[in-house]
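**Q** can you look at this prediction? I've put the sequence above it.
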Amino acid sequence: MNDKGDSHEKTLHFNGAKLVVETPKDPVYSSNGANVTLPCHYHYEPDQEAKRKIRIKWSKLRDDYTKEQDVLVAIGKTYVAFGDFQGRASLRQASRREASLVVSDLRLQDDGKYRCEVIDGLEDESDVVDLRLQGIVFPYQPPRGQYRLNFHEAERACREQGAVVATFSQLLQAWSEGLDWCNAGWLADGTVQYPIRLPRKPCGGLHLAPGIRSYGQRHRHLHRFDVFCFSSALRGEVFYLDRPAGMTLEEAKQACQDAGAEIARVGQLYAAWKFLGLDRCDAGWLADGSVRYPIAKPRANCGPAEPGIRSFGFPSTGRFGVFCYKER
């Protein structure tokens, strides 16, 4: 850079006002399908009026704060949204020096960190907002057994169950709330990890403290594990149907359709159990061919002493009830 350029930059830094960007330090919580505002404001120290149009840029970040994708760019009152955020993201400038991001119809993959960047000429400052969807992490393995999914198959498996692959932050939160699982699973960043609350020999050994065990980054095509999926609060309801003689899987699917619904997915059952307190001591078919039942209030003859989703696996034969899902 030439001397004139250096002089201008130094003058702006030492003699100009400092640009300050402020966002909430606490996470912003919302749920699947809702609308949310991620607050962002800026000001100058000492106070002054901007001499040019301010440029605002919102980006979604990975867990390590590197950029994952552009969300929105604005100059003045004109803005452009990108990718999955087109038609859903807008800029709120209701008050002076506000640059808040509004996202409508939240999706599971919207959970994460967002950077609000304000650019005034050579001044460029930013801060981060943490958007957390109220949700639940659950381990998943396909009908063909344990450790059968490469990363791309894991993504598809979660999507088919009304979920997305969980992030490390979501798994850590689930671990802090009690998740203990000894089978390693894919996370959204391509790492393979598993949460242990009670150290034991088959799960990394007795000598390690409770925590998240990690295999680190794995090859997304060659290596095969289970997966941790993330599902959020429902926009509908899960309910149970039964017949005196039970139903095959195909009969169960038809029964849900006859009731104006569809057979529930695994993620929907977990969400109904966690957020709606679904409690049913009767096993029922789910869309993936598994048979499960949710227990919110443990009792005799309904499995272990802890609340949770009980599983009968993927029976090739048998007659059971069914869990259906219906949008509101």
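**A** Here it is on my side, so go on.
**Q** what are the bridge partners for the spatially closest residue to Lys113 that is not a sequence neighbour, then?
**A** What sits nearest to Lys113 in space, not counting adjacent residues and going by CB to CB, 6 or more residues apart in numbering, is Leu61, at 4.2 Å. Heads up, the C-betas are built off the backbone N, CA and C, glycines and all. Note on Leu61: beta-bridge partners by DSSP bridges are Lys67, Lys113.
**Q** number of nearby residues for Leu61?
**A** 17 (other CB atoms under 10 Å).
**Q** which residues touch it?
**A** The contact partners of Leu61, taken as CB atoms under 8 Å, 6 or more residues apart in numbering, are Lys67, Glu68, Gly112, Lys113, Tyr114, Arg115, Val128.
**Q** buried subset of those residues?
**A** The neighbour-count test (16 or more other CB atoms under 10 Å) applied to the contacts of Leu61 identifies Glu68, Gly112, Lys113, Tyr114, Arg115, Val128 as buried.
**Q** and Val129, which of the three is it?
**A** strand (DSSP: H, G, I helix; E, B strand; the rest coil).
**Q** can you offset everything so residue one is 737?
**A** In the new count, where the first residue is 737, that last one comes out as Val865.
**Q** list the contacts of it.
**A** Contacts of Val865 by CB under 8 Å, 6+ apart are Thr759, Pro760, Val764, Leu774, Pro775, Cys776, Leu837, Lys849, Tyr850, Arg851, Cys852.
**Q** distance check, the fourth one against Ser968.
**A** Counting by CB to CB, to the nearest Å, the gap from Leu774 to Ser968 is 17 Å.
**Q** those two: which is more packed in?
**A** More neighbours surround Ser968 than the other of Leu774 and Ser968, with 27 against 23 (other CB under 10 Å).
**Q** what helix or strand is Val809 located in?
**A** If you go by DSSP states H and E, Val809 is part of strand 803-811.
**Q** can I get that strand in PDB? Just the C-alpha atoms.
**A** Listed next in PDB are the C-alpha coordinates belonging to strand 803-811 (Å, rounded to 0.1, in the frame of the first residue of the first chain):
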ATOM      1  CA  LYS A 803     -17.700 -19.100   8.000                       C
ATOM      2  CA  GLU A 804     -20.100 -21.700   6.800                       C
ATOM      3  CA  GLN A 805     -22.300 -19.600   4.500                       C
ATOM      4  CA  ASP A 806     -23.400 -16.100   3.600                       C
ATOM      5  CA  VAL A 807     -26.900 -15.200   4.900                       C
ATOM      6  CA  LEU A 808     -27.600 -11.600   3.900                       C
ATOM      7  CA  VAL A 809     -25.800  -8.400   2.700                       C
ATOM      8  CA  ALA A 810     -27.400  -5.000   2.900                       C
ATOM      9  CA  ILE A 811     -26.400  -1.400   1.900                       C
END
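**Q** on contacts alone, who are the packing partners of it?
**A** strand 791-797, strand 814-817, strand 825-828, strand 848-856 (3 or more CB pairs under 8 Å, 6 or more residues apart in numbering; DSSP states H and E).
**Q** just the residues contacting the second one, thanks.
**A** Applying CB under 8 Å, 6+ apart, the contact partners of strand 814-817 are Ile792, Val807, Leu808, Val809, Ala810, Gly823, Arg824, Ala825, Ser826, Leu827.
**Q** over to the longest one?
**A** Surrounding strand 848-856, the residues in contact under the criterion CB under 8 Å, 6+ apart are 755, 757, 759, 774, 776, 778, 786, 788, 790-799, 801, 803-804, 807, 835, 837, 860-867, 903, 905.
**Q** how about the helices in the stretch 837-986 of the chain?
**A** Along the stretch 837-986 of the chain, the segments classed as helices by DSSP state H, counting those that start in this stretch run 887-896, 904-912, 985-994.
**Q** any chance of those helices in TSV, plus distance to Lys1033?
**A** Below are the helices of the stretch 837-986 of the chain laid out as TSV (distance: least, CB to CB, whole Å):
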stretch	distance to Lys1033
helix 887-896	28
helix 904-912	21
helix 985-994	25
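**Q** those into a markdown table, with extra columns for mean neighbour count, mean pLDDT and distance to Gly881?
**A** Shown next, in a markdown table, are the helices of the stretch 837-986 of the chain (neighbours: other CB atoms under 10 Å; pLDDT from 0 to 100; distance: least, CB to CB, whole Å):
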| stretch | mean neighbour count | mean pLDDT | distance to Gly881 |
| --- | --- | --- | --- |
| helix 887-896 | 19 | 98 | 13 |
| helix 904-912 | 19 | 96 | 22 |
| helix 985-994 | 17 | 98 | 18 |
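**Q** distance between the ends of stretch 1008-1027?
**A** For stretch 1008-1027, the first-to-last residue distance is 16 Å (CA to CA, to the nearest Å).
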